[in-house]
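Enquirer: Coordinates for the following, if possible.
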Amino acid sequence: QYVIDPLTPTGARFGRKVREAIAGLGVADAQRILRNFPEVERVEIRLWPPWSASLPEIPSNITISPQ
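Expert: Numbers count the residues shown, from 1 in each chain. Below is the predicted model:
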């Protein structure tokens, strides 16, 4: 089991890696990629605005919330 805290150096690197991997992808593709990470148990993607079909292309506009 991994504890990914975004305030630790390891957590920040992991967050950057995730953001770069899914930036600009559709929801289904992003979920598939995230499920392949060994650190990820469950994936939930919420988009704003709701009618958007893909994630933002700028990685810094993607927020990750560990649960």
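Enquirer: which other residues reach stretch 28-47?
Expert: Contacts with stretch 28-47, where a contact means C-beta atoms under 8 Å, 6 or more residues apart in numbering, come from 2, 4, 14, 18, 21-22, 25, 27, 55, 67. From N, CA and C alone the C-beta is placed, and that goes for glycine too.
Enquirer: most surrounded residue in the residues you listed?
Expert: Within those, most neighbours by other C-beta atoms under 10 Å means I22, with 24 neighbours.
Enquirer: In the strand or helix carrying D29, which of the residues would be classed as buried?
Expert: Assigned by DSSP states H and E, D29 belongs to helix 27-35. Within helix 27-35, the residues scored as buried using 16 or more other C-beta atoms under 10 Å are 27, 30-31, 34.
Enquirer: Look up how far I64 lies from the nearest residue to I4 once chain neighbours are set aside.
Expert: Closest residue to I4 apart from its sequence neighbours, by C-beta to C-beta, 6 or more residues apart in numbering: G11 at 4.7 Å. G11 sits 9 Å away from I64, going by C-beta to C-beta, to the nearest Å.
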